[in-house]
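# Here is the input, now give the coordinates:
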Amino acid sequence: MPSLTITIELKVQSDSLTTPPLSIERAKSCFCTRESDPTNATTINNERADRDQTNISPSNGPAPYTPASFSPGSTVTSDETANRSSATASRMGINAIIDHDRSISLTSVFSPDNHDKTQTKGYATDCICPRGLILMMMHDFLDRLYATIPVLHRPSFRDALARDRDGEDTVFLGLLIAMCATVVGIMPSKFRRYREHGFAFESRKAFVLHCYSTLSSIRGVDYFDEISFNKFAISYLMDIALFQAGLYNLSRMAEVECIQLGRLLHLHKVEEYAGLNQIEMQLRKKGFWMLFYSFVHAQVQNLRKERLMFLDPLMVENMDPEALMPLDIDDEGIFEGHVLPRRSDEPCLTTGYIIHSRVFWLAIHSWRNEAGDEHSKPCYCEQTRDKSKRVDHLTQRVCDLKYSLDALPAELRPWASQPHRSNEGSQAHDAATRFSQFASMRANLHVTHLWLQSILLDQIDSLPHGEPDGLGEGKPLATLSARWAEREAISSQLLHVLHAISPEHIEPNGLHLAYKVRDVAVGLLSCPFEPHEPAFVRAAEYVRSFTAVLATLDTSEIVSTTNLQTWIDTDRERGRNSDVERATGMAMHGWDGD
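Residues are numbered from 1 along each chain as shown. Now for the predicted structure:
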C-alpha cells in the first residue's frame with residue numbers, strides 16, 4: 001500500500017498577535033468589589049493629585065525586575081504592610097492604576113516603573129513580579145482564558161483581589177501564582193508584552209518553573225490536611241502551565257495531584273454536593289468537566305497506558321451527565337444563597353462550556369435523554385472481548401458526534417461575524433471582549449469536535465473487522481478506503497474553521513489545540529490510494545495546508561516530546577549498563593559466555 005509521505009518542517013513563527021489598549025473603566029470593572037464603596041470616593045479624590053505628580057516616562061524604559069525571595073509565613077516585606085487595613089490595601093493596589101488620567105492607556109499605567117509607591121509597600125506576589133504586572137495577568141486571564149478555563153467565580157475573585165487577600169491567605173496567593181503561570185505559558189503574545197514592562201524572565205519556561213518552585217515553598221507539611229476547590233484549581237492550572245512550557249514530567253505529577261483532589265472533593269458525585277453554597281456547587285460541576293476532558297483524552301490517546309485516570313468505565317456507566325452540568329448562568333448571576341434568572345435569551349459563557357462538555361461525553365457514551373439509545377451500547381467488558389461490538393460502538397460515537405452541533409447559538413457557529421461597533425466606550429469594549437471570548441470558545445469547540453471524530457476513526461481503522469476472509473491483508477485497505485471520505489470531510493471542515501477565526505482568538509487555546517490539529521493531519525498520512533488518484537492529490541494538499549497552519553499555531557519553545565518516554569527508570573538503566581559492561585569485558589577476554 002503506498003503511503004503518503006511529506007517532509008514537514010515546522011518553523012515556529014513569531015506571531016504578531018496584539019491586544020488593543022484596555023480602558024480604565026474595564027480595569028475598574030475587573031478589579032473592584034462587586035458593590036462600590038461610597039466612603040472611598042473622598043479619599044480617592046484627595047490622593048489623585050499626589051498620584052498625578054508621578055513622572056510617567058515609558059520612553060526611558062523600565063529596569064528589569066528581579067523577583068523577591070519568598071519564604072512561607074512571610075508574605076509581606078515590611079511592618080507597615082503587615083499592619084495595613086484591607087481597605088487601604090485595596091486603594092494601594094487598585095486605585096493607583098484606575099485613577100490615572102483616562103487618556104493614558106493601561107499599557108503605560110501597568111508599567112512596573114510607575115508603581116514605586118505600591119512597590120515600596122510590598123505585596124505577597126512580589127516573589128513573582130511587580131503588582132502592576134500581576135494585575136495585568138489577572139486581567140488577561142479573565143478576559144482571554146476564563147471562557148475555556150473557568151476555575152473561579154469572577155465576582156468573588158475580583159473582590160478578593162481588590163482586598164489583597166493574597167497577603168493573608170497563601171491558598172489565594174497560590175491561585176494567583178498559578179493563574180500567572182497559565183497566562184504566560186499559554187499566550188506568547190502576552191509574554192512579549194510583559195517583557196516590554198520589565199518582566200525579568202527570558203523564557204516562558206523559566207517563569208513557569210519559578211512559579212512552580214514558589215508554590216512548592218508556600219506549601220507546608222499540612223497543606224493537604226485541608227482541601228478546597230481553590231487547591232484543586234491551583235493543581236489544574238499548573239498542570240496546564242507546565243504542559244505548555246514543555247515540562248511534561250512535572251505536568252503529569254500535577255495532573256495526578258489534581259485528579260486526587262477531584263476525587264477527595266467528590267466532584268463526580270452530585271449527591272455529595274449537599275451543604276455547599278450555590279457558588280461552590282457551580283464551581284465543582286465545572287471542575288468535574290475539566291477533569292472529564294482529561295479523562296477522555298486519556299481514553300482515546302493513552303498509548304503507553306501510563307496515565308492515571310479520574311474515572312473508570314463502570315463509574316461512567318452509572319453516571320448522570322445532566323445532573324453534573326453547571327447552571328446555564330454567568331457568574332454574575334450566582335450568589336452564595338441564591339441564583340438570579342438569566343436576563344435575556346442570549347447565550348452566556350457557560351452555554352459554550354455546556355455544549356463543549358456534551359461533545360466530550362458523546363465521544364465515549366450516548367446522551368441518556370436522547371432516543372433511549374442506552375440499551376444499544378455494550379458494556380466495556382463486552383467491547384474488550386468482542387472487537388466487532390467495539391467497532392459498532394465507535395461507529396455510533398462518530399455518527400452522534402457528527403450531528404451534535406447542528407443547533408448551535410449564532411455566537412458559536414463557525415461563521416459568526418464580528419459585531420458592528422457603532423460607538424466607542426465601555427459598552428463597545430465589553431461587546432468586543434464578549435465576542436473575543438466566544439471566538440476562543442468557538443475555535444476550541446469546533447476543533448475538538450472534529451478532532452474527536454478523527455481520533456475515533458483512527459481507533460476503528462486499527463481494530464480487526466470481523467473474521468478473516470478471502471481478502472486477507474486487503475481488508476484493512478478496503479476499510480480505510482471506505483472511510484476516507486469522512487477523513488477528507490473532517491480535514492476540509494477543520495481548515496475552514498482555522499481560517500475563519502483570527503490567530504488572536506485561537507491563541508488562548510494554547511498547544512492543546514495545535515496538537516489536535518496535528519493529530520488530524522497525521523491521519524491523512526495513511527492515504528490508501530495511489531499517487532495518481534485524485535484522493536491522494538487532495539490528501540497531499542491538505543497536509544501542506546495543515547503544515548502552514550501548524551507553523552503558526554505551534555508556539556512551543558522546545559521540541560514536543562508528548563508521545564515519547566521523557567523519564568528515565570534509573571534501576572533499569574543501571575541494569576542495562578551492567579549488561580553492557582559485562583558483555584564488553586567478555587569480548588575483551590575472548591569469552592563468548594558459554
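# low-confidence ranges in the stretch 1-150 of the chain?
1-121 (pLDDT under 70).
# rerun that using 50 as the cut-off
For the stretch 1-150 of the chain, applying pLDDT under 50 flags the ranges 1-3, 5-30, 32-65, 69-119.
# show me where pLDDT drops low in the stretch 301-450 of the chain?
371-372, 374-375.
# all helices of it, in order?
Secondary structure of the stretch 301-450 of the chain (DSSP state H, counting those that start in this stretch): helices located at 313-317, 349-362, 380-385, 387-402, 426-462.
# Cys127: which of those helices is closest?
helix 426-462 (30.0 Å; C-beta to C-beta). All C-beta atoms are positioned from the backbone trio N, CA, C, and that covers glycine.
# Could you tell me the angle between that closest one and helix 387-402?
160 degrees (axes from the mean of the first three to the mean of the last three C-alpha atoms, to 10 degrees).
# In helix 426-462, which residues are buried?
429, 433-461 (16 or more other C-beta atoms under 10 Å).
# that older thread, select, out of the helices of the stretch 301-450 of the chain, the one closest to Asn230.
helix 349-362 (19.2 Å).
# just the CA coordinates of that closest one, formatted as PDB?
The C-alpha trace of helix 349-362 is given here as PDB (Å, rounded to 0.1, in the frame of the first residue of the first chain):
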ATOM      1  CA  LEU A 349     -20.100  31.900  28.500                       C
ATOM      2  CA  THR A 350     -21.400  28.900  30.500                       C
ATOM      3  CA  THR A 351     -23.600  28.000  27.500                       C
ATOM      4  CA  GLY A 352     -20.500  27.300  25.400                       C
ATOM      5  CA  TYR A 353     -18.900  25.300  28.300                       C
ATOM      6  CA  ILE A 354     -22.000  23.100  28.500                       C
ATOM      7  CA  ILE A 355     -22.000  22.400  24.700                       C
ATOM      8  CA  HIS A 356     -18.300  21.600  24.800                       C
ATOM      9  CA  SER A 357     -18.900  19.200  27.700                       C
ATOM     10  CA  ARG A 358     -21.700  17.400  25.800                       C
ATOM     11  CA  VAL A 359     -19.300  16.900  22.900                       C
ATOM     12  CA  PHE A 360     -16.700  15.200  25.100                       C
ATOM     13  CA  TRP A 361     -19.400  13.000  26.700                       C
ATOM     14  CA  LEU A 362     -20.700  11.900  23.200                       C
END
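# ok, now which ones touch the nearest residue to Asn444 once chain neighbours are set aside?
Counting by C-beta to C-beta, 6 or more residues apart in numbering, the nearest residue to Asn444 once its immediate chain neighbours are dropped is Asn509, at 5.0 Å. Asn509 makes contact with 148, 186, 440, 443-444, 447, according to C-beta atoms under 8 Å, 6 or more residues apart in numbering.
# can you tell me which two in those are farthest apart?
Longest span within the contacts of Asn509, C-beta to C-beta: Ile186 and Val447, 15.2 Å.
# you'd agree Phe172 is up against Asn230?
Yes: between Phe172 and Asn230 there is a contact under C-beta atoms under 8 Å: 6.8 Å.
# okay, now Glu530: neighbour count?
10 (other C-beta atoms under 10 Å).
# Hmm, Phe536 and it touching each other?
Yes: in this structure, Glu530 is within contact of Phe536 by C-beta under 8 Å, at 6.3 Å.
# quick one on the thing from earlier: just the pLDDT at the residue nearest to Asn444, thanks.
Looking at Asn509, its pLDDT reads 96.
# That one: what secondary structure?
helix (DSSP: H, G, I helix; E, B strand; the rest coil).
# separation between it and Phe546?
Asn509 sits 16 Å away from Phe546, taking C-beta to C-beta, to the nearest Å as the criterion.
# go on, Ser440?
Ser440 is 21 Å from Phe546, by C-beta to C-beta.
# ok, now Asp312?
Asp312 is 35 Å from Phe546, by C-beta to C-beta.
# ditto for Met325
Met325 is 34 Å from Phe546, by C-beta to C-beta.
# Which one's more surrounded, these two?
Neighbour count, other C-beta under 10 Å: between Met325 and Phe546, Phe546 has more, with 23 against 19.
# What residues sit buried inside the helix or strand hosting the more buried one?
Using DSSP states H and E, Phe546 falls within helix 534-553. The neighbour-count check on helix 534-553 (16+ other C-beta under 10 Å) flags 535-536, 538-540, 542-543, 545-547, 549-550, 552-553 as buried.
# ok, now stretch 399-419?
400-402, 404-405, 408, 411-412, 416.
# Spit out the contact partners of the closest residue to Leu412 other than its chain neighbours.
Nearest in space to Leu412, with sequence neighbours left out and distances taken as C-beta to C-beta, 6+ apart, is Arg442 at 5.2 Å. Going by C-beta under 8 Å, 6+ apart, Arg442 touches 352, 411-414, 416, 501, 505.
# With respect to Ile234, which of those is nearest?
Gly352 (24.3 Å).
# now that closest one: how far from Glu557?
Taken as C-beta to C-beta, the span from Gly352 to Glu557 is 30 Å.
# Kindly report the same for Val300.
Counting by C-beta to C-beta - Val300 and Glu557 are separated by 27 Å.
# quick one: which of the two has more around it?
Shown here are Val300 and Glu557; by other C-beta under 10 Å, Val300 has more neighbours (18 against 14).
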